[in-house]
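>>> Build me a model from this:
(2 chains)
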Amino acid sequence: TQLLEQSPQFLSIQEGENLTVYCNSSSVFSSLQWYRQEPGEGPVLLVTVVTGGEVKKLKRLTFQFGDARKDSSLHITAAQPGDTGLYLCAGAPRAKNTGFQKLVFGTGTRLLVSP
Amino acid sequence: NAGVTQTPKFQVLKTGQSMTLQCAQDMNHNSMYWYRQDPGMGLRLIYYSASEGTTDKGEVPNGYNVSRLNKREFSLRLESAAPSQTSVYFCASSEFPPGQVLAGVSDYEQYFGPGTRLTVT
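Sure thing, here's the model as predicted:
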């Protein structure tokens, strides 16, 4: 079973601070996604990265896919209370063919941003 | 569009009881999934249906069965509930199954329902 480990598991910060969440694996992924989940709701996709070294920005959020496609990071600049939630990374394992590959989800990072 | 809908939202069962969780999507997606979410363990795939007419086991299928009723609906059945099945269950759908190369780029999005919180006593 391929594992995606996220760190930290929990992060509590003040509004305006910066933070980085990490998603690491020993396996190579063909693509990696980041989701945000709010209490009582399902996860919502934020971004998909597919190329080693790729950087994508979504307003104050910056996502990076590692050069070797085994890890990813999410950096939030000037965090706001609206960023509070559970952040999940999910990877599609690399395969030799284009057959069905199931997403592997990380364990999640719970972020609390206080005013 | 409602997206992905799930019923019920909450359910309490006694050990040994059975129930079916319903899921429907109105996005004409080909693939549908059932996950369970437990504290500290992320989302784990129970069963999936890559396309209408097919179903396959995921990471944790024991104690569950599924039916892809049609392209829109994918149900999850617990035949004899156990306390270990206490969890939050999410249904999801995607237009294409993971790993399918589209125009040279492997890309897809899974849309999730709001979840069913199940407690088995």
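>>> State the distance from the residue lying closest to residue B:5 once chain neighbours are set aside to residue B:8.
Leaving aside its sequence neighbours, residue B:5 sits nearest to residue B:24 (Cβ to Cβ, 6 or more residues apart in numbering or on different chains; 5.3 Å). C-beta here means a position set from N, CA and C on the backbone, and glycine is covered the same way. Residue B:24 sits 13 Å away from residue B:8, going by Cβ to Cβ, to the nearest Å.
>>> coming back round to it: who's in contact with the residue nearest to residue B:5?
By Cβ atoms under 8 Å, 6 or more residues apart in numbering or on different chains, residue B:24 lies in contact with B:4, B:5, B:72, B:73, B:74.
>>> and it, helix, strand or coil?
Of the three states, residue B:24 takes strand according to DSSP: H, G, I helix; E, B strand; the rest coil.
>>> Check it and give its pLDDT.
If you check residue B:24, the pLDDT there is 98.
>>> ok so, going back, and the contacts of residue B:24 as TSV, adding secondary structure and neighbour count?
Output for those, formatted as TSV (DSSP: H, G, I helix; E, B strand; the rest coil; neighbours: other Cβ atoms under 10 Å in any protein chain shown):
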residue	secondary structure	neighbour count
B:4	strand	23
B:5	strand	14
B:72	coil	16
B:73	strand	16
B:74	strand	28
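>>> mind giving me TSV with the residues you listed and columns for pLDDT?
Below are the contacts of residue B:24 laid out as TSV (pLDDT from 0 to 100):
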residue	pLDDT
B:4	96
B:5	97
B:72	97
B:73	97
B:74	98
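>>> Out of those residues, flag the one nearest to chain A.
Closest approach to chain A among these (Cβ to the nearest Cβ): residue B:4, at 7.4 Å.
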